[in-house]
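coords please:
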Amino acid sequence: MAENKRRWGFVIEVKRCIDCKACMVACKVENAVPHDKHRNWIGRIGPTGTFPTLGMKFEPGNCMHCDNPPCERVCPTGATYRREDGIVLVEYDKCIGCRYCMQACPYDARFVHTEGYIDKCTFCVHRLDAGQPPACVETCVGGSRHFGDLNDPTSEVSKLLATRDHYVVYEEAGTGPKIFYIS
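Down below sits the predicted model:
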């Protein structure tokens, strides 16, 4: 039997996000992201409910590391590429800053780095390759962010997806995002 290849992804429990932004701070520090830029974010949904029982929902996000990434298809230099495990990365020295990938991304997950290249979430690939989780997962105060191998049925993310209703953002775009949300 052929060995399954890893396919990394997130499962985010929306109800557990408290908008503390620890994930954003951890990402900035871990990846030396310029102070006015972000590789990840917290979206606000709401208010929810009806008066007097009102609430807010928060939807953490980052690059979706799509199975069918439009950013890769439009990159004229090949700077944007997918690793064998599905992580979408940018080879910074090949990037000419043309912004085609930014226009192609339906998730608005990329930005122009102060040094001129396009930047985005990398799933903290340097940590992952060293056997550590992404910094945003490790620091998530509410336990909202889960990370693991989507091809491993025993992984936490696979178990959550098998037992809980979930959705992806902009499913109609056909990108095959690897960030799944449980509401």
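
now do the lengthiest helix in the chain: everything it contacts.
Taking DSSP state H as the criterion, the chain has its longest helix at helix 22-31. Contacts to helix 22-31, defined as C-beta atoms under 8 Å, 6 or more residues apart in numbering, come from residues 33, 35, 38-42, 60, 62, 121-122, 124, 127, 134-141, 145. The way it works is simple: take the backbone N, C-alpha and C, and place the C-beta from them, glycine included.

what does stretch 76-90 give?
By C-beta under 8 Å, 6+ apart, stretch 76-90 touches 5-9, 63, 65-67, 69, 71-72, 91-92, 94-96, 98, 100-101, 117-120, 122-123, 125, 128, 178.

and stretch 141-156, by the same measure?
4-14, 16-18, 20, 22-23, 60, 123, 133-134, 136-137, 157-162, 178.

what mean pLDDT does that stretch have?
Averaged over stretch 141-156, pLDDT sits at 97.

tell me the SS of G116?
coil (DSSP: H, G, I helix; E, B strand; the rest coil).

typed the wrong thing, it's R73
Here R73 is recorded as helix under three-state DSSP.

identify the residues contacting it.
Applying C-beta under 8 Å, 6+ apart, the residues contacting R73 are A104.

thinking again about what came up before, among the contacts of stretch 141-156, name the ones in strands.
Among those, DSSP state E puts W8, G9, F10, V11, I12, E13, P60 in strands.

in the protein, where is pLDDT below threshold?
Residue ranges of the chain with pLDDT under 70: 1-4.

residue at max distance from the center of it?
Distance from the C-alpha centroid of the chain peaks at P52, with 34.3 Å (C-alpha atoms, centre = their mean).

where do the helices of the chain begin and end?
Under DSSP H, the chain gives helices at 22-31, 70-74, 100-104, 125-129, 135-138, 156-163.
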